[in-house]
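>>> Sharing a model that was predicted from the sequence below.
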Amino acid sequence: MSGSTPADAFREAFRNSKHIVVIAGAGLSAASGIPTFRDGGGMWRSLDATALATPEAFSENPSLVWQFYHYRRTKALKAKPNPAHEIIAKMSVPSYLKKVAPAAKTFHLVTQNVDRLSVAALDSLTERLASESVSASDGPGKRATFPNCILEMHGRIYDVKCTACDYCAEDRTDPLSPALGTADALFTDYHDAGSREVNIPAEDLPRCPACGALARPGVVWFGEKPYHLDEINSIVYKADMCLVIGTSSTVRPASTYAYRVQRHGGKVAVFNLDPSDKDERADFVFSGCCETVLPSLFPELA
């Protein structure tokens, strides 16, 4: 339409979308204080991610890898969802999504983040809606969410997985082992966390509660197969609107999803603080912090 802005054009396309998928990365959680692989202090800032997030790295130095993931777990435990998480959580509730996409039939969030903040935001929202619906005329239907709407393709930071048996379960104990807490206490704050290596014997690292073998973080490392791939492929094939939020789209297979949507006629909108060269292929690009851009584009959900 004459005089319309990119935001107007995006909102119109979003309004007419039927199958919406969000592909989220680390930028979604940045405002919540969750460090990326290259953020943080000390050694964690200088080491390449692949030196800490591979099966080979864990086999060679489980002490170093566990200290890194202890640092990440502790940061995640203190974090809370930010406004971007909350906007996406509302999109997961059909009664909210219809305010901005009345034709929508499905909504999914495919997240590369392991911090569980998207799940926390949705849990908090549904609990609030359930409380409100007790006396509301619209009843339980208002708190219904789209089924299986959050897929955590890279696992969950709080999961502890055995290296010998099939045990894998969430454990938010902090620290997971006394030795990790002792090593952590050597640093005055998170700015120098990991500034020097502390060698923890394998027997003092987290162990499997089922069989006693060495445990590992229950996340997907480089070289391992992400979770839910078949379901995600089906979602991407059907999607006619893809929001890429807080990711530079460099890690496969997530980096391929947006443009697979575009190849079969869907629209792609990118939300990033620092857009990349790939973004020129998108239909819409919004630069800035997603926790401010998303509420400005969707004031009905803010």
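Received, thanks. Numbers count the residues shown, from 1 in each chain.

>>> isn't residue 116 right up against residue 158?
Yes. Residue 116 is within contact range of residue 158, at 6.7 Å (criterion: CB atoms under 8 Å). Every residue, glycine included, has its C-beta placed from N, CA and C.

>>> which residues are in contact with both of these two?
residue 76 (CB atoms under 8 Å, 6 or more residues apart in numbering).

>>> okay, now the nearest residue to residue 25 once chain neighbours are set aside: neighbour count?
Using CB to CB, 6 or more residues apart in numbering and skipping the chain neighbours, the partner closest in space to residue 25 is residue 247 (2.5 Å). Per other CB atoms under 10 Å, the neighbour tally for residue 247 reads 23.

>>> contacting residues around residue 247?
Going by CB under 8 Å, 6+ apart, residue 247 touches 23, 24, 25, 26, 27, 112, 254, 272.

>>> Pull the contacting residues for the fourth one.
Applying CB under 8 Å, 6+ apart, one finds that residue 26 lies in contact with 34, 36, 112, 113, 246, 247.

>>> Any idea which of these the model trusts least?
Lowest pLDDT of those: residue 36, 67.

>>> Going along the chain, name the helices of the stretch 101-250 of the chain.
Assigned by DSSP state H, counting those that start in this stretch, the stretch 101-250 of the chain shows helices spanning 117-133, 178-184, 229-238.

>>> what's the closest of those helices to residue 58?
helix 178-184 (14.6 Å; CB to CB).

>>> just to revisit the earlier point, make TSV out of the helices of the stretch 101-250 of the chain and add mean pLDDT.
What follows is the helices of the stretch 101-250 of the chain, written out as TSV (pLDDT from 0 to 100):
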stretch	mean pLDDT
helix 117-133	91
helix 178-184	87
helix 229-238	97
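
>>> So which of those helices is nearest residue 276?
helix 229-238 (19.7 Å).

>>> Pull out the buried positions in the closest one.
Within helix 229-238, the residues scored as buried using 16 or more other CB atoms under 10 Å are 232, 235, 236, 238.

>>> Select only the buried ones of the contacts of residue 26 in PyMOL?
Provided next is the PyMOL selection string for whichever of those are buried by 16+ other CB under 10 Å:
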select buried, resi 34+112+113+246+247
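
>>> any weak-confidence spans in the stretch 1-150 of the chain?
1-3, 36-50, 134-143 (pLDDT under 70).

>>> try the stretch 201-302 of the chain
249-250, 275, 277-278.

>>> Give me the packing partners of the host helix or strand of residue 99, helices and strands only.
Under the criterion of DSSP states H and E, residue 99 resides in helix 94-100. Helix 94-100 is packed against helix 6-15, helix 83-91, with contacts defined by 3 or more CB pairs under 8 Å, 6 or more residues apart in numbering; DSSP states H and E.

>>> tell me which residues in the longest one are buried?
Of the residues in helix 6-15, those scored as buried under the neighbour-count criterion (16+ other CB under 10 Å) are 10, 11, 13, 14.

>>> okay if I get those residues as a markdown table plus distance to residue 283?
Output for these, formatted as a markdown table (distance: CB to CB, whole Å):
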| residue | distance to residue 283 |
| --- | --- |
| 10 | 8 |
| 11 | 13 |
| 13 | 7 |
| 14 | 11 |
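
>>> between those residues, which is nearest residue 95?
Using CB to CB, the buried residues of helix 6-15 come closest to residue 95 at residue 14, 16.7 Å.

>>> That closest one and residue 100 touch, don't they?
Yes. Counting by CB under 8 Å, residue 100 is a contact partner of residue 14 at 6.3 Å.

>>> residues in contact with the residue sitting nearest the centre point of the chain?
Residue closest to the average C-alpha location in the chain (CA atoms, centre = their mean): residue 113, at 2.6 Å. For residue 113, the contact set (CB under 8 Å, 6+ apart) comprises 24, 25, 26, 28, 29, 34, 152, 154.

>>> now the fourth one: how far from residue 245?
According to CB to CB, to the nearest Å, residue 28 stands 5 Å off from residue 245.

>>> What of the first one?
Counting by CB to CB, the gap between residue 24 and residue 245 amounts to 5 Å.

>>> okay, now the domains of this protein?
Following the TED database, one gets these domains for the chain: 1-32+82-154+226-301, 35-78+157-219.

>>> how about the strands in the protein?
Using DSSP state E, the strands found in the chain span residues 19-24, 106-111, 150-152, 155-162, 168-170, 215-219, 241-245, 267-272, 284-287.

>>> Give me the more crowded residue out of residue 24 and residue 245.
Per other CB under 10 Å, whichever of residue 24 and residue 245 has more neighbours is residue 24, with 27 against 23.
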